[in-house]
Each structure stands twice: as C-alpha cells, then as structure tokens.
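Student: Okay, structure incoming, though there's no sequence with it:
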Ligand code: MF3
Ligand code: CO
C-alpha cells in the first residue's frame, strides 16, 4: 500500500492491457493460494518468502516488492500487531494462533499484480481475532462491489468504512490502496474511509488495488526500527486483505481472484 501523499491523473487501461494485468494478478493469486496452504505453526516467514520467490521465477514473473525503495524481500509478511510491510525473517517462527498477513506483488510482461490476505497459523486464538479477519475481508468485498462506472471513488472508501465501523474495528489511515498498471503505485489513492458521492468519477478501464487494513482498538501506526514494519501503536491485532480489480462496463472484475 501506498504511503499517503501524491495524486495525479488516473491512467485508463485498454482491454489488452487489462488482459496483461489479469495474467500478472493470476500469478499472484496462484502463489498466494499455495502460501495459504503452508502457513502453519513452526514455519518461518523467511521460508514462506522463499517459496514465493521460487514460484515467481517458475511462473516466469519477477518480484515487484524486492528492491522497491530498497525493500529486501518478495513478500511482506506481517504477524499479529504488524499491520503491513513485515520483512520475512528466519528468526520469525509462526506460533499457533498467530494472525498472519501475506502481501505479494509481481511483474509479468511489464504489468503489475498485487494482492494480500490474512489467516491464522492453526486455529484463531479467540473469537474477536477471527471476526477481525472475517470483517476485513467483508470490507474489501463491500468496497469492490461499488467499483462501477458512474460511481465515485468515495463510494468505494465509504463502503469499506461502513463495514469496519459498524463492526467496531479501527481503520488504518496512514496507508491506502492505489491505482496499478505498468507501475505498482499509480493514481488514484484509494483510502479505506471516505464520503459517498465524492472524489473522482469511476470509469471503465480503471484498475486499482483495494486494500483495507483493520485493527482491534486504535488505528495509530508506528514504524519499527527496521524502517519498514508498520505496527499498531497499541500492539493489538491487525488484518489486511487486498485485491487488484478492473472497472468494466458490467462492474468490477477481480483480476487477482482465486486465493481467498
Ligand atoms: N501491497 C503493498 C503495496 O501496495 C506492498 C508494498 S511493499 C514494498 O504497496 F516493499 F513494495 F513497498
Ligand atoms: Co497494494
């Protein structure tokens, strides 16, 4: 997800470009579904990243995050109070009940794919944690359902906000979703809170990564000393789901469909 500042013109994609974006995002979806199967107590986040790295190469793609502003890995793996941008580490061994968020980006044939999910190592530690993950996914799909021509960007944001707040969860504001195409981050920013009927008009050919990050408790963020890992200031749990979608005449198409 993008750090807040910076917004310019939205680049519309031709159908052949959407085909390329779909192909890139299907590589992401395939690898995320494989990772989801191996998340378990005892595996390290570094091992998960290595699986992703090998599969990216096998599928003929390139990692999108590695080297991005100096980021050192193919995935971001954020555990429990970590919201996003957790750096995979051989020292980070998953424990039973950990809430694990995996974010993956690839480049295929010059176009970017980007998606993420949260799940548990083993079973959820308690009902509230389980609900946080469920509601974050629900908020993502509520946002996606508004991604149609003639709606406005604020309709997506407001739908996400309504689901989060009606369930009593915090919404992280420091990071937002983003346009995506021949770059990982393009205009517009896609905040996870907003006002219906406001913002840019949505049009056929827009492609964006929608990515709510919800918390139990406060939405304030701190960045750890590694310069990347974003954690909740109160160190309570956070969850993150992300899809890359295209706006078509008929409504949203989830380009990264197939791993949730
Ligand atoms: N999915 C994230 C994003 O939209 C992850 C970026 S990690 C980074 O930006 F290392 F590439 F910054
Ligand atoms: Co993203």
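Tutor: Arrived safely, thanks for sending. Since the model is a prediction, treat every value here as computed from it, not as a measurement. Ligands and ions are numbered 1, 2, ... in the order given.

Student: could you check whether stretch 118-132 is close to ligand 1?
Tutor: No: Stretch 118-132 does not reach ligand 1 (Cβ under 6 Å from any ligand atom); its nearest approach is 13.0 Å. Bear in mind the C-beta positions are built from the backbone N, C-alpha and C, glycine included.

Student: er, stretch 89-105 I mean
Tutor: Yes: applying Cβ under 6 Å from any ligand atom, one finds stretch 89-105 touching ligand 1 at 103, 105.

Student: Would you mind listing the buried residues in that stretch?
Tutor: 92, 94, 98-105 (16 or more other Cβ atoms under 10 Å).

Student: now stretch 56-65
Tutor: For stretch 56-65, by 16+ other Cβ under 10 Å, it's 56, 59, 61-65.

Student: Could you check that stretch against ligand 2 for contacts?
Tutor: No: using Cβ under 5 Å from the ion, stretch 56-65 stays clear of ligand 2, coming no nearer than 9.3 Å.

Student: now the strands for the stretch 151-260 of the chain?
Tutor: Per DSSP state E, counting those that start in this stretch, the stretch 151-260 of the chain carries strands over the ranges 170-171, 175-179, 186-190, 207-210, 213-215, 221-223, 230-232, 238-240, 243-248, 251-254.

Student: got CSV for those strands, with mean neighbour count and distance to residue 196 too?
Tutor: Formatted as CSV, the strands of the stretch 151-260 of the chain follow (neighbours: other Cβ atoms under 10 Å; distance: least, Cβ to Cβ, whole Å):
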stretch, mean neighbour count, distance to residue 196
strand 170-171, 20, 16
strand 175-179, 25, 17
strand 186-190, 21, 15
strand 207-210, 28, 16
strand 213-215, 29, 20
strand 221-223, 15, 26
strand 230-232, 23, 28
strand 238-240, 29, 24
strand 243-248, 25, 17
strand 251-254, 18, 17
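
Student: now those as CSV including mean pLDDT and distance to residue 8?
Tutor: What follows is the strands of the stretch 151-260 of the chain, written out as CSV (pLDDT from 0 to 100; distance: least, Cβ to Cβ, whole Å):
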stretch, mean pLDDT, distance to residue 8
strand 170-171, 98, 25
strand 175-179, 98, 10
strand 186-190, 97, 5
strand 207-210, 98, 14
strand 213-215, 98, 24
strand 221-223, 98, 25
strand 230-232, 98, 25
strand 238-240, 99, 25
strand 243-248, 98, 18
strand 251-254, 98, 23
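
Student: List just the one of those strands that sits closest to residue 35.
Tutor: With Cβ to Cβ as the measure, strand 238-240 is the member of the strands of the stretch 151-260 of the chain nearest residue 35 (14.1 Å).

Student: Identify the residue spatially nearest to residue 183, adjacent ones excluded.
Tutor: residue 112 (6.8 Å; Cβ to Cβ, 6 or more residues apart in numbering).

Student: Over to residue 217?
Tutor: The spatial neighbour of residue 217 that comes closest, neighbours along the chain excluded (Cβ to Cβ, 6+ apart), is residue 236 at 4.2 Å.

Student: got a list of what the residue of the stretch 151-260 of the chain found nearest ligand 2 touches?
Tutor: Residue nearest to ligand 2 within the stretch 151-260 of the chain: residue 209 (4.1 Å; Cβ to the ion). Applying Cβ atoms under 8 Å, 6 or more residues apart in numbering, we find residue 209 in contact with 1, 114-115, 177-180, 190, 242-245.

Student: Perfect, I'm done here.
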